[in-house]
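Student: Sequence isn't available, so here's the structure alone:
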C-alpha cells in the first residue's frame, strides 16, 4: 500500500506530465483560459488515463511482450508482438476518448461546446500516450501500480491546467506589458510553476 501511495504522489508532484516532461502542452495552453473548461478537460484526462493505462498494462503483459502468450499455449512462448504496442495503445486511447466524448455531449452540452475540438484531441494528447509508454518503460510489477501511476499522472495534469487557468483569469486585471499578453505571459508563468514544482523533488519516497 505504501508503494502505491509513493507512486501516486510522485506522479503528481515529481514526475508531473506538464512541469517535468512538458507533455500535453497544446491542450494545456489552449483550454486554460477559464477554470470551468480547464476543470472539465482535467477530469476527462484523469478518466482517460485511469482507464487506458491499466488496460494497456494488461495488453502489454498478457499479449504483446515476448512470451506473454504462453498462458494460451506453450507453443506460443516465443511469440513477440511488442512491435504492435504503439498501434494497440493508440487504439485503446482512441476508443476511451470516444466514450468520454459521448458521455460529456450527453450530460453536459455546455462543457462539450466549451471544449470544442480539444476534447477529441485528447486521443492524440501526448500526455495520454506518454502515460502508457512510461508504464511500459518502468515495468510496474502489477496492475495496481500501473493504475496508481495513471491516476497520479492525471491528477498532476489536472492540477497544472486548473492552476494556470486560475492565474490567467486573475492576470486579466493586471497591467501586463503588451508584447507579453496572451501566450507570452502564460509561458513565463508555466516556467515559474515548473520551477516551483521542482521543490517537490526533495520529497523522500
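Tutor: Perfect, thanks for sending it. Just so we're clear, the structure is a prediction, and the values are computed from it rather than from any experiment.
Student: Could you give the number of residues near residue 94?
Tutor: Neighbours of residue 94 under the rule other C-beta atoms under 10 Å: 16. Any C-beta I mention is one placed from the backbone N, CA and C, and that applies to glycine too.
Student: and what of the one 3 residues further on?
Tutor: Counted with other C-beta under 10 Å, the neighbours of residue 97 add up to 23.
Student: That one sits in which helix or strand?
Tutor: Following DSSP states H and E, one finds residue 97 within helix 85-107.
Student: Show me what that helix is packed against.
Tutor: Counting contacts by 3 or more C-beta pairs under 8 Å, 6 or more residues apart in numbering; DSSP states H and E, helix 85-107 is packed against helix 35-59, helix 109-115, helix 126-138.
Student: give me that answer again for 6 Å
Tutor: Where contact means 3 or more C-beta pairs under 6 Å, 6 or more residues apart in numbering; DSSP states H and E, helix 85-107 is packed against helix 35-59, helix 109-115.
Student: Residue 178: which of those is closest?
Tutor: helix 35-59 (25.0 Å; C-beta to C-beta).
Student: C-terminal to the one helix or strand residue 8 maps to, what's the next element?
Tutor: Secondary structure assigned from DSSP H and E places residue 8 in helix 2-9. Per DSSP H and E, the first helix or strand lying C-terminal to helix 2-9 is helix 25-31.
Student: contact partners of that next one?
Tutor: Residues from elsewhere that reach helix 25-31, judged by C-beta atoms under 6 Å, 6 or more residues apart in numbering: 18, 37, 38, 41, 118, 125, 161.
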